[in-house]
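> Pasted the sequence and its predicted model underneath.
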Protein chains: 2
Amino acid sequence: MSARIVRTVAELRAVLAPRRADGVGFVPTMGALHEGHLSLLRAARNANGTVVLSIFVNPTQFGEAADLNAYPRTEAADVALAAEAGVDVVFAPSVAEMYPNGFATTVSVGGAITGTLEGAERGRSHFDGVATVVAKLLLAVQPDRAYFGAKDAQQVVVVRRMVADLGIPVEIVTRPTSRDTDGLARSSRNTRLSPDDRAIAAAIPRALRAAQDAFARGIHEPQSLTNTVRAELDGLDPEYVEIVDADSLDPIDEVERPALLALAVRVGPVRLIDNVVLTPGVDDRITLGTAERSHA
Amino acid sequence: MSARIVRTVAELRAVLAPRRADGVGFVPTMGALHEGHLSLLRAARNANGTVVLSIFVNPTQFGEAADLNAYPRTEAADVALAAEAGVDVVFAPSVAEMYPNGFATTVSVGGAITGTLEGAERGRSHFDGVATVVAKLLLAVQPDRAYFGAKDAQQVVVVRRMVADLGIPVEIVTRPTSRDTDGLARSSRNTRLSPDDRAIAAAIPRALRAAQDAFARGIHEPQSLTNTVRAELDGLDPEYVEIVDADSLDPIDEVERPALLALAVRVGPVRLIDNVVLTPGVDDRITLGTAERSHA
């Protein structure tokens, strides 16, 4: 099996035009594919006649040039993985194809959902970049379903809001965060962690799990739960640890309906984010294995 | 013949789903239909199997509440005119259908094309409102072609930019400004002019025509041409009279390629805009008739 690589929106539309009858599933990525992406591709493969993967390291959602420049780019390996995963079409446009000279349009989601968490730390412009590129990609692919990972929880909320507000005709599917055997959320940025940093980073899922354990014991006060996370981070100094309503991302006084517990923390050269959803009456605690990790 | 009225995006999509094969033409309006709108509907009727008219007085593009409240609303008459014009579907949503609780997304076009002319006078937020509602309408109707009048020249430039930047798959068709027999550009707001104001307003097309005459005599300096307009406005004090590049809306030193001569002026209670395009080597001067006007 091999995936067809296309570089322009025009070619993409031409390739997809005769393939729409059995449904188009779309997984947008910035490449450097890992098991988390592959789980999204499997979900797309199971539900659609055609699967499209996009690989585009979107410059407008990076705040720091250093982070953009350091972002791993592994297209040949990604295309091989995509083919194994049954992807039909890989859309890998250039920056000039996505943002030609004179480009001047921004899709922006306002309010609490972009002002808090990552928006507070990285600025709303990060999510302007995300909303704009996702709108463009959805309009280019015109999929029936698009798949996003729960690790980027706020991104998913922003995308769902943007899609509903503009009325883009697509179903947004969220899949659970894919975790390595030590519990660390899979991320393309993990490849930049040294072995020592990697061992330190494993405190993140342990801290989230400690909060889940406390929640399961009946502790529903956000402050108490975030204190538990901070105490378990083994000296890591998080940029934020917050609990907000899982849909609106508004602050809450008590977890009475699904709440998002989210954090961001720097480990060595890498900024990592992670989260869990706390739902009263539901126990879906994350699994922590050994410090050994799979290289899948 | 009668046009089907639909109030929701869901119903609109259901009605249009079986009608797409022979093309869908779309004319977005704020209602209070006049001959200018009808000329757009005729163009749409000639080129498409199905014609959709939208009627939506979009609150987010009005700066002044008074202007929004005074905007004429004549739905029953509009629907009758639409049926006569061969419209198949009238999409007339409520404000709540277009902007439900929690709505938080803005489509924004930056740069000179929204910073000058109307953007300088009314603020960029006017064009944020226009770009957002047009994006939503285009995604709701998913037309093959959408029709806009040249009277709102800057709006057309903004819409073309937004559609190109986001990659919305639609052809934007611009039709010439429709003018009454005295040359006044047709506008729904004209109904709010008293007979005396109406006679005064007729200076606007005369002033534009005077600049066209000067341009035809070889005068290509923007300042000289805008001075001609100001001199011919018979004491009206325009908010702006400017000549800019017709595509980029950037300032120019000399008319060497198509240029937009645009103005805004208050007459009585109404703010009027008008424009002509000056193209070297092309004589398309507007026609000025008598002060009598048709009521077509």
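Structure's in. What do you need?

> Please count neighbours and contacts with C-alpha atoms only from this point.
Fine.

> what residues go with each domain of chain A?
Following automatic domain parsing, one gets these domains for chain A: A:4-175, A:188-278.

> Residue B:115: which of those domains is closest?
With CA to CA, the closest approach to residue B:115 among the domains of chain A belongs to domain A:4-175: 11.8 Å.

> hmm, that closest one touching chain B?
Yes. Shown here: domain A:4-175 in contact with chain B (CA under 8 Å from any CA of the partner chain) through A:99, A:103-111, A:132, A:135-136, A:139-140, A:161-162, A:165-169.

> Low-confidence stretches in the stretch 151-296 of chain A?
For the stretch 151-296 of chain A, the stretches with pLDDT under 70 are A:290-296.

> Please report the distance of the closest residue to chain B within it from residue A:122.
Nearest to chain B in the stretch 151-296 of chain A, going by CA to the nearest CA, is residue A:166, at a distance of 5.0 Å. Counting by CA to CA, to the nearest Å, the separation of residue A:166 from residue A:122 is 24 Å.

> picking that back up, how about a markdown table for the domains of chain A, with mean neighbour count added?
A markdown table is the format used below for the domains of chain A (neighbours: other CA atoms under 10 Å in any protein chain shown):
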| stretch | mean neighbour count |
| --- | --- |
| domain A:4-175 | 19 |
| domain A:188-278 | 19 |
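
> Take these and lay them out in TSV including distance to residue B:148.
Shown next, in TSV, are the domains of chain A (distance: least, CA to CA, whole Å):
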stretch	distance to residue B:148
domain A:4-175	20
domain A:188-278	37
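
> Next, please give the residue ranges for the strands of chain A.
Secondary structure of chain A by DSSP state E: the strands cover A:4-6, A:24-29, A:50-55, A:89-91, A:105-109, A:145-149, A:171-175, A:238-245, A:259-267, A:270-278.

> on that earlier part again, can you tell me which of the residues of domain A:4-175 next to chain B are in helices?
A:132, A:135-136, A:139-140, A:161-162, A:165-166 (DSSP state H).

> Now distance to residue A:88 too, for those, in TSV please.
Listed next are those as TSV, based on distance: CA to CA, whole Å:
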residue	distance to residue A:88
A:132	25
A:135	21
A:136	20
A:139	18
A:140	16
A:161	28
A:162	27
A:165	30
A:166	28
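
> Looks like residue A:179 contacts residue A:187 (just checking).
No. Assessed by CA atoms under 8 Å, residue A:179 is found out of contact with residue A:187, at 9.0 Å.

> shared neighbours, those two?
residue A:36 (CA atoms under 8 Å, 6 or more residues apart in numbering or on different chains).

> Now do the contacts for residue A:280.
Residues in contact with residue A:280 (CA under 8 Å, 6+ apart) are A:255-258.

> what does the stretch 151-296 of chain A put close to chain B?
So the stretch 151-296 of chain A meets chain B at A:161-162, A:165-169 (CA under 8 Å from any CA).

> Of these, just say which sits nearest to residue B:117.
Within those, the smallest distance to residue B:117 is 27.1 Å, found for residue A:166 (CA to CA).

> Just give the nearest non-adjacent residue to the closest one, would you?
Excluding the flanking residues, the one nearest residue A:166 by CA to CA, 6 or more residues apart in numbering or on different chains is residue B:136, at 5.0 Å.

> Of the domains of chain A, which is nearest residue B:127?
So among these, domain A:4-175 is nearest, using CA to CA, at 11.4 Å.

> Any idea how far apart the tips of the closest one sit?
End-to-end distance of domain A:4-175 (CA to CA): 25 Å.

> again, but for stretch A:171-185
25 Å.

> from memory residue A:248 sits against residue A:113, does it?
Yes. Between residue A:248 and residue A:113 a contact is recorded at 6.2 Å, counting by CA under 8 Å.

> what's the overlap in contacts for these two?
By the contact definition CA under 8 Å, 6+ apart, residue A:248 and residue A:113 are jointly contacted by residue A:157.

> So which residue is dead centre in chain A?
residue A:152 (3.3 Å; CA atoms, centre = their mean).

> who's in contact with it?
Taking CA under 8 Å, 6+ apart as the test, what residue A:152 contacts is A:273-274.

> quick one: the residue of the stretch 151-296 of chain A closest to chain B and residue B:87, what's the gap?
Taking CA to CA, one finds residue A:166 at 25 Å from residue B:87.

> swap in residue A:97?
For residue A:97, the distance to residue B:87 - CA to CA - is 37 Å.

> where does the stretch 1-150 of chain A have low pLDDT?
A:1.

> you'd agree the residue of the stretch 151-296 of chain A closest to chain B is up against residue B:139?
Yes. Residue A:166 lies in contact with residue B:139 (CA under 8 Å); the separation is 7.3 Å.

> tell me the contacts of residue A:55?
A:28-31, A:75, A:90-93.

> Phi first, then psi, for residue A:56.
Note on residue A:56: its backbone torsions stand at phi -150, psi 110 [degrees, to the nearest 10].

> That one against residue A:97, yeah?
No. If you go by CA under 8 Å, residue A:56 and residue A:97 don't touch, sitting 10.7 Å apart.

> I'd like to know how many residues surround the residue lying closest to residue A:213 once chain neighbours are set aside.
Closest residue in space to residue A:213, ignoring its immediate chain neighbours: residue A:285 at 7.6 Å, by CA to CA, 6+ apart. Using other CA atoms under 10 Å in any protein chain shown, residue A:285 has 17 neighbouring residues.

> ok, back up a step: quickly check the contacts of residue A:55 for the two that are furthest apart.
Counting by CA to CA, the most remote pair of the contacts of residue A:55 is A:28 and A:75, 14.0 Å apart.

> Spit out the contact partners of residue A:272.
A:189, A:264-266.

> ok, of those residues, which one's closest to residue A:15?
residue A:189 (31.8 Å).

> Please name the residues that touch that closest one.
A:71-72, A:270, A:272.

> Can you give me the distance of it to residue A:266?
11 Å.

> Equivalent analysis for residue A:184, please.
Per CA to CA, residue A:184 is found 14 Å from residue A:266.

> Equivalent analysis for residue A:95, please.
For residue A:95, the distance to residue A:266 equals 28 Å [CA to CA].

> Redo the residues of the stretch 151-296 of chain A next to chain B as TSV? Include distance to residue A:16.
Converted to TSV, those look like this (distance: CA to CA, whole Å):
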residue	distance to residue A:16
A:161	26
A:162	24
A:165	26
A:166	23
A:167	21
A:168	18
A:169	16
